[in-house]
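The sequence and its predicted three-dimensional model are supplied below.
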Amino acid sequence: MKTARLGMKPSLLAGTMLAAIFGAGAGLAADQKPDFVSGGVLKVCTSGEFPPMEYYENPGDKDLIGFEIDVMDAIAKRWGAKAEYIVGDFKGLLPSLDSKRCDLVASGILITPARLEKYDGIPYFSSHIVLVTAASDTQTKVPADVSGKVMAIEAGTSYEKIVADLNAELEAAGKAPIQAQTYPSASGVIEQILVGRATATITQDTTAAYRMLQVPGRLSIPYTYEESENYGIYLRKSDGDRQMLKEAIEALQASGEMKALLQKWNLPETATDVSHDVN
C-alpha cells in the first residue's frame, strides 16, 4: 500500500521557493528548441476543465491557472517563448495537432498505446486512485473499513465498478457490503462527506488535491491504491522534437521546479517521479 500526504493549500513558503527557483533558472534555457517555437510562441491546446491541472478560477476569467499551466509556462520559458493556450473540447485536442492549431497538448491526458500510434507523447505525471474521508475520521484506514457504511461515488465513473468488486469480496468474507450512493458531480460527492451523510469516496488524487484546497483541514486521504496511470504531453511525431520536450521536462525535474509546483498545487510529492520513456 502506498500513501500520499497532501498539504492544505499553496503556502507562502512554496511561493518563495518558486520565485527563487524560477529566478535562478531564467538564464538556463536550453540552447536547442523545437522549430515550432521559433516565433517565440508555444501554442498549447487544453480543455481547461480539469482542476487543479488546468482551469479557470472564476467564471469569466480569461487566464487559465493550474499545475499543468505552470509546467507549460516553465517549458516555454526554457525555450525562450511564451505559452499561448487554445481551449477546446477534449475530444478535439489531439486532432488539433494534425491541423497545426497547436504545438503541444496538455490537458490531464493519459498516455495510451492507441494515442501513441499517431502522436508522440511524454509521460510525466503519475495519478493514483485514493480513498477520501473526513479529516475527523480516525477509523477508516482502508476501503474495506467502509463495510456496512455509505460511500458516495460520482455517477458514470469507473469507481462504481471498484466498489462493486470490493462488495463481492466483502460478501464472500461474510461482511456487510458498502452502501454505494451515486451523485452527478465530484463536488456533490464531497459534500456528502462534509455533512456526514457518507463515510468516504474514491477518486483521483488530482481531484482530491483540488477539493482539499477548497476546504482546508476538513478532508483526509487515508489510503492510496497502488495502480497508477500516467498523464502526458502530446506532440506531432518527430524524434527531434520529442527529445527536446523530454529534456525540458527532465530539466524541470532536476532543478526542483517541478517539485515546487507540486507543493504549490497540493499534489503528491512523488507524482512526477516517472519514466519519461514509452515502450
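On my side now, so go ahead. Numbering: from 1, shown residues only.

remind me, longest strand of this structure?
In the chain, with assignment by DSSP state E, the single longest strand is strand 219-235.

just the helices in the stretch 101-250 of the chain please.
Along the stretch 101-250 of the chain, counting by DSSP state H, counting those that start in this stretch, helices occupy 113-116, 159-172, 186-194, 205-214, 239-255.

what's the closest of those to residue 227?
Set against residue 227 and scored by C-beta to C-beta, those come closest in helix 159-172, at 10.2 Å. C-beta coordinates here come from the backbone N, C-alpha and C atoms, glycine included.

Show residues contacting the closest one.
When contacts are defined by C-beta atoms under 8 Å, 6 or more residues apart in numbering, helix 159-172 is touched by residues 129, 143-144, 147, 151, 153, 176-178, 180, 182, 201-203.

ok, 6 Å please
143, 147, 153, 177-178, 180, 202 (C-beta atoms under 6 Å, 6 or more residues apart in numbering).

List just the nearest of these to residue 108.
Looking across the contacts of helix 159-172 and measuring by C-beta to C-beta, the closest to residue 108 is residue 202, at 17.8 Å.

What is the burial count for the closest residue to the closest one other than its chain neighbours?
By the measure of C-beta to C-beta, 6 or more residues apart in numbering, the closest residue to residue 202 outside its immediate chain neighbours is residue 159, 4.9 Å from it. Other residues lying near residue 159 total 21 when counted by other C-beta atoms under 10 Å.

Just name the most buried of the helices of the stretch 101-250 of the chain.
helix 205-214 (a mean of 23; mean count of other C-beta atoms under 10 Å).

could the helices of the stretch 101-250 of the chain go into CSV alongside distance to residue 269 and mean pLDDT?
CSV is the format used below for those (distance: least, C-beta to C-beta, whole Å; pLDDT from 0 to 100):
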stretch, distance to residue 269, mean pLDDT
helix 113-116, 27, 95
helix 159-172, 24, 97
helix 186-194, 23, 94
helix 205-214, 11, 94
helix 239-255, 12, 97
